[in-house]
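Participant: Need the 3D shape of this:
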Amino acid sequence: MNRKSRNALFKIHTWLGLHLSLFFTFMFLTGTALTIGIELESITRQSIWTTVPSVDRTAGFGDIYEGIKEARPDAKIGLIAVDPKPWFVNRTYGSTAWGESVSFWTDPVTSELVEETRAVGFRNILRDLHDSFLTTNRLVFVAVSAMSLVLLLQIISGLITYRRFWKGFFRWPARSNGQRSWIGGLHRLSALWALPLSLLIAITGIYFMLGGLGFKGSSPSPQPPAAREAALPAGFDRHVIDTAEEHARNALPGFEPTVMSLPGRKNKGINFIGHQDGFSKFSGLSTVTIDPVTFEVLGAFSPADDKGLKRVKILMNKLHFGTWGGVFSLGLWVVLGLVGTGVALTGALIFASRIAPDNASGGAFRRIWRGLGLARWAYLVLLLLIGASAYLHYGPGSYGRVAVHPVDQQGNVARLVLTRPLRRDTPLEIELDIRDPEIATAELQINQGDFTPLALNGNGDKSRATFTLNPDDTGNEILARLQNADGTEQIVTFRLGQPIW
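Facilitator: Predicted coordinates:
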C-alpha cells in the first residue's frame, strides 16, 4: 500500500479510535469481568465451590431431582446441569411455587441441596449490560454486535499502518521521548499482545450479530410425545428420569449427557444434551428427546445433523467466552481482556497527548471529552438509556405479575396473582383471580386457619379479591372455597411453599 493510502487509512483508524475508544474500553472491561462473572458473583458462597474430581461426581439427574424435591417439594425443576464447571457443585435451574426463578445448587456426590440463589445476580446484570445496555432488546443487541465490524476494521487498519508490526511484540516504549511517544508505543505494544483475543472477539461478535438478525442455522426437531394430562405425568419421580436417561444413552453410541431439561408443557419430552464419542468438544452437542410416559425416543441428533451457522455455535461460544481450555483459557482471556481494555484506553490518551502538550492545563479525560465533539452527547444519551433500563428491569416495580395456579389444576377456575416475591417476615398482598363467572361468593383459609369471606369485585366474566398473606416457614397453603349462586361449591388449593429468603 502506498503512503497516501496508508495515511488515509491511518486517519480513519485515528478518528474511529477517538470516537469509539470509550465504547470499546467499556466493552472490553465488562467482557473481561463477564468471563469470570459467576466466579466473582460466588466469592462469598463457599457452599457451591468444590474440589471433588470429576470421576467422583456420582450424583445423576434422578438423584439431583430427588434431592431438590426433598428440600423443596413445591419447586418446579426446569434444567439440571451436571458438572457445569469442575470447581462448582451441580446447578439446577428452576422456579419456586410462587413463580420466582431460582438456581438450586446440589452436592455432586450426595445430591443434597447446599445453596439457593436468585436468577438475577451480578453475572446476569453484567451480561445484559455488555450485550444490550440492559435493554434486552434484540435491535440493540444487533447494534452492539455490529460494532465487531468496526473492531475488525481497526485491527486491520492498525496492522497495515504499523509497518513491520511483527517486530514490535517485545519493543517496550521508552519514556525519554516524551509522554505522547511513550503512550503511542504502549498502545502499539498492547494492541499486538491483545491481537489474538481482539481478532477472535471481532469474528465471534459478527457471528452473534448474524444470529440476532435471524441467521442462526437450524437443528432437527423431535416428534411430539403421546398425549398426556400435564407437563409431568402422574407419579413422575427419579425412577422415571433414570429410565429415560437409560433410553437416551442407548439411542446414540457413546452418548454422555451432562444436561437434562424437563418438559414445561404437555406436548414436550425430556431432553438430554451432552457429548458423543466421535465428535470433538468444539463440534457441538448431541441431543436425545424421550417421551416421559412411553419412554419412546422422540429424536436422537448428533452435531452432524445441525445445519448452517448452528454447526459452529459451540465453537463460537467457546472462543468468545474463553471456555475452550478450562482454567487456562479463562485466565488467559482475563489477562488479554485487560490488555485489550488498555488498547482502547491508550488510543484515547494518544489523542489527548496530540491536541495538547505535556504541560497543558486540563486532565487527559477533559481533553478526550472535548475531542469527542458531537459524539460526547451520544455517550450521554447512552448513559441515560442504561440508567433508565436499569430502573425498569431492576427497580422497585421490576417484578412482573406472576400467576400461581392450584396444585391440582382442576378446571383452572381460579388463580393467585403476585406482584412481589414471597419473603420471610414480609406481608405479601395477593390477588385472587376467579375465572368462572358462576362464582358468587368466596371464602379463604390460610395455613389451616378459619375460613374468612372475601369481597369480590366483578369485571365482565371475571371477579377478583385482594388479601394479605403473612408468610410462615411452612408450606403457606391457601384454600379458596368458591360457591355458585345455586349453592354448589368447590375448594381449590394453592401452595406457595416455604420462603427461601
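Participant: Give me the residue ranges of this protein where confidence is low.
Facilitator: 354-362, 409-411, 459-460 (pLDDT under 70).
Participant: mind checking the longest helix of it?
Facilitator: Ranked by residue count, the top helix of the chain under DSSP state H comes out as helix 3-35.
Participant: mind listing what's buried in that helix?
Facilitator: Neighbour counts using 16 or more other CB atoms under 10 Å place 9, 13-14, 16-35 of helix 3-35 among the buried residues. Just so you know, the C-beta spots here come from the backbone N, C-alpha and C atoms, and that holds for glycine as well.
Participant: now swap in stretch 320-335 and tell me
Facilitator: Buried positions in stretch 320-335, judged by neighbour count with 16+ other CB under 10 Å: His320, Phe321, Gly322, Thr323, Trp324, Ser329, Leu330, Leu332, Trp333, Val334.
Participant: host element of the residue nearest the centre of the chain?
Facilitator: Centroid-nearest residue in the chain: Asn124, 5.5 Å away (criterion: CA atoms, centre = their mean). Per DSSP states H and E: Asn124 is located in helix 122-132.
Participant: Tell me the helices and strands packed up against that helix.
Facilitator: Judged by 3 or more CB pairs under 8 Å, 6 or more residues apart in numbering; DSSP states H and E, helix 122-132 is in contact with helix 3-35, helix 37-41, helix 138-161, helix 375-394.
Participant: Mind giving me the packing neighbours of the longest one?
Facilitator: Read it as helix 3-35. If contacts are counted by 3+ CB pairs under 8 Å, 6+ apart, helix 3-35 sits against helix 122-132, helix 138-161, helix 326-355, helix 364-371, helix 375-394.
Participant: okay if I get these as TSV plus distance to Ile439?
Facilitator: Formatted as TSV, the helices and strands packed on helix 3-35 follow (distance: least, CB to CB, whole Å):
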stretch	distance to Ile439
helix 122-132	40
helix 138-161	41
helix 326-355	57
helix 364-371	64
helix 375-394	36
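Participant: Quick one: closest of those helices to Val114.
Facilitator: Judged by CB to CB, the one of the helices and strands packed on helix 3-35 that comes nearest to Val114 is helix 122-132, at 19.0 Å.
Participant: For the closest one, list every residue counted as buried.
Facilitator: Neighbour counts over helix 122-132 (16+ other CB under 10 Å) mark Arg123, Asn124, Ile125, Leu126, Arg127, Asp128, Leu129, His130, Asp131, Ser132 as buried.
Participant: Find the nearest non-adjacent residue to the first one, please.
Facilitator: Closest residue in space to Arg123, ignoring its immediate chain neighbours: Gly37 at 3.5 Å, by CB to CB, 6 or more residues apart in numbering.
Participant: and that neighbour, what is it in contact with?
Facilitator: By CB atoms under 8 Å, 6 or more residues apart in numbering, Gly37 lies in contact with Phe122, Arg123, Leu126, Arg127.
Participant: picking that back up, same list, the helices and strands packed on helix 122-132, but as a markdown table with distance to Ile80 please.
Facilitator: Below are these laid out as a markdown table (distance: least, CB to CB, whole Å):
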| stretch | distance to Ile80 |
| --- | --- |
| helix 3-35 | 24 |
| helix 37-41 | 17 |
| helix 138-161 | 28 |
| helix 375-394 | 27 |
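Participant: Tell me which of those sits nearest to Pro453.
Facilitator: Closest of the helices and strands packed on helix 122-132 to Pro453 is helix 375-394, at 38.4 Å (criterion: CB to CB).
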